[in-house]
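1. sequence and predicted structure, then a few things I'm wondering about:
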Amino acid sequence: MIEKVKEIEQRFKEQFEKISSLKELDELRIKYLGKKGEITGLLKKIKDIPPEERKEFGRAVNALKVEIQELIQAARAKLEKAEKAGKLDLTLPGKPVIAGKKHPLIKVVEELVEVAVGLGFEIVDGPEIEWEYYNFEALNIPEYHPSRDMWSTLFITDKMLLRTHTSPVQIRTMENRKPPLKVFHPGRVYRKDPFDASHAPAFFQAEGLYVDKNVSFADLKATLEMFTRELFGPKTKIRFLPSYFPFTEPSTEVLVNWGEGWLEILGAGMVHPRVFEAVGYDPEEWTGYAFGLGPDRIAMIKYGIDDIRLFYENDLRLIGEL
Ligand code: DAH
């Protein structure tokens, strides 16, 4: 009787090899596993087998049944996939491809750069890990001077820190070049500030510096007027408030209004003679202005975002919706 099982197995395999459609596969399944199928027939015979052969026969039949079931199942999956692919409907709408978008802060920084370049500034770079000397000392902020308190600094060692502003790039640029120069530097800065709706421990700044002979406050005013008009529109107005920065004299805070009230978005002033001395420029011969902008602030206003933390949390809705 065992021979009969082997013979059926042989036959099944020969027929199985030739299957090329789901319909044929189903017919084959019925032929072997159906109610009147070959395997079913063998199972029914188990009870008629002499007891000494019954166990072996039963085991062989069941093993074959399982094998056939598995082969059929695997073949069905394959054929279904193939038939589906054959029926590919090219008129169906495609799956949307999610494209990357620029972060609102990066968009603002890029816009600032574009405006600066348009006004004749050259883009320069500088490190985010900075010497205390460049971040403070050379900018006329000596150690123990109370004005250092304006920047809650993240020190790495006594002499090294995460820069608190982009102003050290003024020093680095002037140290390496002879005047005249007109440079712009956007970048990230760091402060030991709480992470709340209006503060972040890391944020952006952009620095402008112009050094030449006979640069006046009127030049600064004209430049900032053009800058803000390019950025916010031709009707933009600016207003200067007296302020204090150790590296400029006089110093000013600039308020901008393009129809939404006055907002402070930058600090500026005429380069302090001590800063020129620190880089070896003769303050009697050279004059200049400097300004520092806050791209985060600008992006918040421009895109109507009331919490700076949104820029630094990876919520893709922020990017998708702008
Ligand atoms: N570095 C200043 C700050 O972080 C901003 C600033 C003010 C930059 C006046 C300047 C400037 O270049 O002239 O608060």
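-> Right, received. Where do you want to start?

2. C-alpha from now on. contacts and neighbour counts both.
-> Noted.

3. mind listing what Cys5 touches?
-> No Cys there; residue 5 is Val. Applying CA atoms under 8 Å, 6 or more residues apart in numbering to Val5 gives the contacts 42, 60-61, 64.

4. mind telling me what element it is part of?
-> Assigned by DSSP states H and E, Val5 falls within helix 2-17.

5. put the alpha carbons of that helix into PDB.
-> The C-alpha trace of helix 2-17 is given here as PDB (Å, rounded to 0.1, in the frame of the first residue of the first chain):
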ATOM      1  CA  ILE A   2       2.900   2.300   0.700                       C
ATOM      2  CA  GLU A   3       3.700   2.000  -3.000                       C
ATOM      3  CA  LYS A   4       0.300   3.500  -3.800                       C
ATOM      4  CA  VAL A   5       1.200   6.600  -1.800                       C
ATOM      5  CA  LYS A   6       4.500   7.000  -3.600                       C
ATOM      6  CA  GLU A   7       2.800   6.600  -6.900                       C
ATOM      7  CA  ILE A   8       0.300   9.400  -6.100                       C
ATOM      8  CA  GLU A   9       3.100  11.600  -4.900                       C
ATOM      9  CA  GLN A  10       4.900  11.100  -8.200                       C
ATOM     10  CA  ARG A  11       1.800  11.800 -10.200                       C
ATOM     11  CA  PHE A  12       1.000  14.900  -8.200                       C
ATOM     12  CA  LYS A  13       4.500  16.300  -8.700                       C
ATOM     13  CA  GLU A  14       4.400  15.800 -12.400                       C
ATOM     14  CA  GLN A  15       1.100  17.600 -12.700                       C
ATOM     15  CA  PHE A  16       2.100  20.300 -10.300                       C
ATOM     16  CA  GLU A  17       5.100  21.200 -12.400                       C
END
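
6. tell me the mean pLDDT for that helix?
-> For helix 2-17, mean pLDDT is 89.

7. stretch 228-244 now?
-> On average, the pLDDT along stretch 228-244 is 94.

8. okay, now Pro146: neighbour count?
-> 9 (other CA atoms under 10 Å).

9. any idea how far it is from the ligand?
-> Distance, Pro146 to the ligand, using CA to the nearest ligand atom, to the nearest Å: 14 Å.

10. before we move on, what about Glu17?
-> For Glu17, the distance to the ligand - CA to the nearest ligand atom - is 78 Å.

11. the chain against the ligand: which residues are in contact?
-> Listed as neighbours of the ligand in the chain under the rule CA under 6 Å from any ligand atom: 165, 167, 207, 245, 248, 267-269, 290-292.

12. the same query, at a cut-off of 8 Å, please.
-> By CA under 8 Å from any ligand atom, the residues of the chain that approach the ligand are 150-151, 164-167, 170, 205, 207-209, 245, 247-248, 251-253, 266-271, 289-293.

13. Arg188 contacts Glu128, correct?
-> Yes: between Arg188 and Glu128 there is a contact under CA atoms under 8 Å: 6.9 Å.

14. got the phi and psi for Asn314?
-> With angles defined as degrees, to the nearest 10, Asn314 sits at phi -90, psi 50.

15. any idea how far the residue of the chain positioned farthest from its centre lies from Gly58?
-> In the chain, counting by CA atoms, centre = their mean, Pro50 sits farthest out from the average C-alpha position, at 75.8 Å. Distance check for Pro50 against Gly58: by CA to CA, to the nearest Å, it reads 11 Å.
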